[in-house]
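# Need a 3D model of the sequence below.
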Amino acid sequence: MGMNIPSSGAGEDQLVSTINTTPLVDVMLVLLIIFLITIPVVNYSVPVDLPKERNEVRESKPEDIVISVDRAGRIYWYDAPIRDTEALVDRLKKVAVMSPQPGVHIRGDWKSDYEPVGRIIYACQRAGISKIGFITEPPSNG
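Predicted coordinates:
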C-alpha cells in the first residue's frame, strides 16, 4: 500500500488507499524473462527421427525358435529349461548353420528383469543368429 504525504499547508492528512503495482510489474517482468530464456532449452538441438509405435502381426513359422523367460528369470527353449547361457549358445550355434536360418522369438514375462532377455540376445549374437524378434500381447482396445 502506498501513502501519499501531502505538502505542508494542506491542512488535514489524507490517506491514499490504492495498491502500488510497481513490485507486481517487476515480478511479472522477471518471470517473463525467465520463461523466454527457458523455452529454447526445451527444444532439443540434435535432429533425431524417433521410431513410431506400430503393431505388426506376424505368424510364427514352425521353424522359428521360441525362447521364453519366466518371472524368476529362468530361460526355456520352447518348454525345456536351459541350464545356463553356454548351453543356450551351443544350441543356437547348431541352429545358426541351417539354411535358411530360422528366427529366434523371445517371450519375456513382463514382471521379469531385462537381464535374462539381454543374455538371450547376447547368446544369439555369439551364435551368429541374425533374426531376433519379440513376442508381445496386442494392446487391449477397452
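# ok, and what's touching stretch 119-127?
With contacts defined as C-beta atoms under 8 Å, 6 or more residues apart in numbering, stretch 119-127 is touched by 67, 69, 75, 85, 88-89, 92-93, 95-96, 104, 106, 132. No exception for glycine: its C-beta is placed from N, CA and C like everyone else's.
# Buried among those? Make that a PyMOL selection.
Listed next is the PyMOL selection for buried residues among the contacts of stretch 119-127, using 16 or more other C-beta atoms under 10 Å:
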select buried, resi 67+69+75+88+89+92+95+96+104+106
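# In three-state terms, label residue 118 for me.
Of the three states, residue 118 takes helix according to DSSP: H, G, I helix; E, B strand; the rest coil.
# Break down the protein into its strands, ranges please.
Taking DSSP state E as the criterion, the chain carries its strands at 65-69, 75-77, 80-81, 104-108, 132-134.
# Quick one: mean pLDDT for the third one?
Along strand 80-81, the predicted confidence averages to a pLDDT of 90.
# Please apply the same query to the last one.
Strand 132-134 shows an average pLDDT of 87 in the prediction.
# okay, the contacts of stretch 119-127 in a markdown table with distance to residue 20 next?
Shown next, in a markdown table, are these (distance: C-beta to C-beta, whole Å):
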| residue | distance to residue 20 |
| --- | --- |
| 67 | 73 |
| 69 | 68 |
| 75 | 73 |
| 85 | 74 |
| 88 | 76 |
| 89 | 78 |
| 92 | 78 |
| 93 | 82 |
| 95 | 81 |
| 96 | 80 |
| 104 | 74 |
| 106 | 68 |
| 132 | 69 |
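# So which of the contacts of stretch 119-127 is the closest to residue 13?
residue 69 (84.4 Å; C-beta to C-beta).
# Just grab the bridge partners of that closest one for me.
Counting by DSSP bridges, residue 69 is bridged to residue 75, residue 108.
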